[in-house]
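Trainee: With the input below, show me the fold.
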Amino acid sequence: MIKPAQAKLIAYRDRTFDATVTVKEDGVVKDLTNFTVTCQIRKNKHGSVYQGVTVAVATPANGVCVLSLTAAQMLLLDTGNWYYDLKVTSDISLESYSYLEGEFKVFDTVTRSES
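Mentor: Got it, this is the predicted structure:
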């Protein structure tokens, strides 16, 4: 069983969110060739999925992924604490593990465009 690494992510409601992460297994970079990577945000760990996160595997051999949400998607999240995990699934064996998880903290901004 793989124990997921912990990382706190911080985002702002009316701005795009981008975070680059490197997936590691036992401290060693994981080659993501032939793997699918997904990420979800929930209000609590056992709640319904509130928002799916776009995951682009930038360089599979180096385990690098970019997580992103548009400004419109961020506006759907209330300020406060949310939770996320990054799940890696083998395209061959279909085995799936969470490699990264943690708090997804959403803040309001002070200066923003008013419609």
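Trainee: what pLDDT does Arg112 get?
Mentor: Note on Arg112: pLDDT of 65.
Trainee: Likewise for Tyr84?
Mentor: 95.
Trainee: who does the lowest-mean-pLDDT helix or strand in the chain touch, helix- and strand-wise?
Mentor: Between all helices and strands in the chain, the lowest mean by mean pLDDT, DSSP states H and E belongs to strand 49-59, at a mean of 88. Under the contact definition 3 or more C-beta pairs under 8 Å, 6 or more residues apart in numbering; DSSP states H and E, strand 49-59 sits against strand 35-42, strand 64-69, strand 80-90. C-beta: built from backbone N, CA, C; applies to glycine.
Trainee: and the angle from the first one to strand 49-59?
Mentor: Angular relation of strand 35-42 and strand 49-59 on a 0 to 180 degree scale: 150 degrees, by axes from the mean of the first three to the mean of the last three C-alpha atoms, to 10 degrees.
Trainee: what does the second one give?
Mentor: Relative orientation of strand 64-69 with respect to strand 49-59: 150 degrees, computed using the same axes, to 10 degrees.
Trainee: Show residues contacting strand 64-69.
Mentor: By C-beta atoms under 8 Å, 6 or more residues apart in numbering, the residues outside strand 64-69 that reach it are 9, 11, 16-23, 32, 37, 39, 51, 53-58, 86.
Trainee: how does it look with 7 Å?
Mentor: Residues outside strand 64-69 that contact it (C-beta atoms under 7 Å, 6 or more residues apart in numbering) are 16-23, 37, 39, 51, 53-58.
Trainee: just how off-centre is the least confident helix or strand of the chain within its chain?
Mentor: 6 Å (C-alpha atoms, centre = their mean, to the nearest Å).
Trainee: Likewise for stretch 15-35?
Mentor: 10 Å.
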